[in-house]
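# can you look at this prediction? I've put the sequence above it.
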Amino acid sequence: MGLYPETHFLLMGDRGLLLEFGEEISSETNEKVRRMALAIQAEAIKGIIEIVPTYRSLLIVYDPLILSIDDLKKRLEKLEDGLRQTPFPEPKLTRIPVVYGDPYGPDLDFVAQYHRISHNEVIQLHCSKPYFIYMIGFMPGYPYMGELPDALITPRLKTPRLSVPAGSVAIAQKQTGIYPMESPGGWQIIGRTPIKIFDPKREPPALLQMGDLVQFYPISEKEFNQWR
């Protein structure tokens, strides 16, 4: 099942409204999330404080002293009716260099063994296609991207690491991602990029945005050090 026949409106406390567009992760559902987010931003509705898009839903944080829940729903329903007329930008492709394997990708060996393929085949599969950025979450600038080739679908770690270095490139189930900063993490780390994915001094701080594309390509350890 993709999109719901009608959007579900769910109250999230006294300052939040969650719009659910479907129950599965799909490009169709995610496109509606992005279209609705763009439409709300363009409308600049007074009283909306923040919007938080995800794979299949959109959280609206609002000020109930400025905007009542009934008025908010009416405004959102009206926007939804005209959603197809919302200008929709073409996705931008960003190429991300990665040095694969130890010591930068400590789980490359496990992934290769799990699928009974070589390290090079893992790398070739991971670099074989551009990945769609479904959402940014978990931490500032962290891109959730998909979908991995079927031959690379791998479970998460049984026990998450307490510390994953910034720039680590990882996979879990059908997804791939990049850790923007050092943090705990439970995904399989197969490499690392020298690119700074999140920089608070940059505008915008996050290099990658929801709805865009990422293409990975392999580099050597020497190139990695030169890049840094």
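Good, I have the coordinates.

# contacts for the lengthiest helix in the chain next, please.
Secondary structure of the chain per DSSP state H: the longest helix is helix 27-43. Helix 27-43 has contacts (Cβ atoms under 8 Å, 6 or more residues apart in numbering) with 2-3, 19, 21-22, 48, 51, 53-58, 60, 75-76, 79-80, 82-84, 86-88, 132, 134-135, 210-211. (Glycine included, C-beta is placed from N, CA and C.)

# of the residues you listed, select the buried ones using a PyMOL command.
A single PyMOL command selects the buried members of these (16 or more other Cβ atoms under 10 Å):
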select buried, resi 3+19+21+22+48+51+53+54+55+56+57+58+60+75+76+79+80+86+132+134+135+210+211
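
# and the strands in this protein?
Counting by DSSP state E, the segments of the chain that form strands are 3-11, 16-22, 48-53, 57-62, 93-100, 131-136, 143-146, 161-164, 168-172, 175-178, 183-185, 188-192, 213-218.

# of those strands, which is nearest A206?
A206 lies closest, by Cβ to Cβ, to one member of the strands of the chain: strand 131-136, at 6.2 Å.

# tell me what angle that closest one forms with strand 93-100.
Strand 131-136 and strand 93-100 are oriented at 100 degrees to each other (axes from the mean of the first three to the mean of the last three Cα atoms, to 10 degrees).

# list the strands paired with strand 131-136, with their directions.
Taking DSSP bridges as the criterion, strand 131-136 sits next to strand 143-146 (antiparallel), strand 213-218 (antiparallel) in its sheet.

# quick one: contacts for the residue nearest to H126 when sequence neighbours are not counted?
Once flanking residues are discounted, H126 sits nearest to F216: 5.9 Å by Cβ to Cβ, 6 or more residues apart in numbering. F216 is in contact with R95, I96, P97, V98, H126, C127, Y131, V169, T176, counting by Cβ under 8 Å, 6+ apart.

# ok, 10 Å please
When contacts are counted by Cβ atoms under 10 Å, 6 or more residues apart in numbering, F216 touches 94-98, 100, 123, 126-131, 145, 169, 176, 178, 190-191, 193.

# same deal with F110?
Neighbours of F110 in contact, by Cβ under 10 Å, 6+ apart: T154, L157, Q188, I189, I190.

# looking at neighbours, which among those is most surrounded?
I190 (29 neighbours; other Cβ atoms under 10 Å).

# roughly how far apart are the closest residue to that residue other than its chain neighbours and T159?
In space, and not counting its chain neighbours, I190 is closest to G105: 4.2 Å by Cβ to Cβ, 6+ apart. As judged by Cβ to Cβ, to the nearest Å, G105 and T159 stand 18 Å apart.
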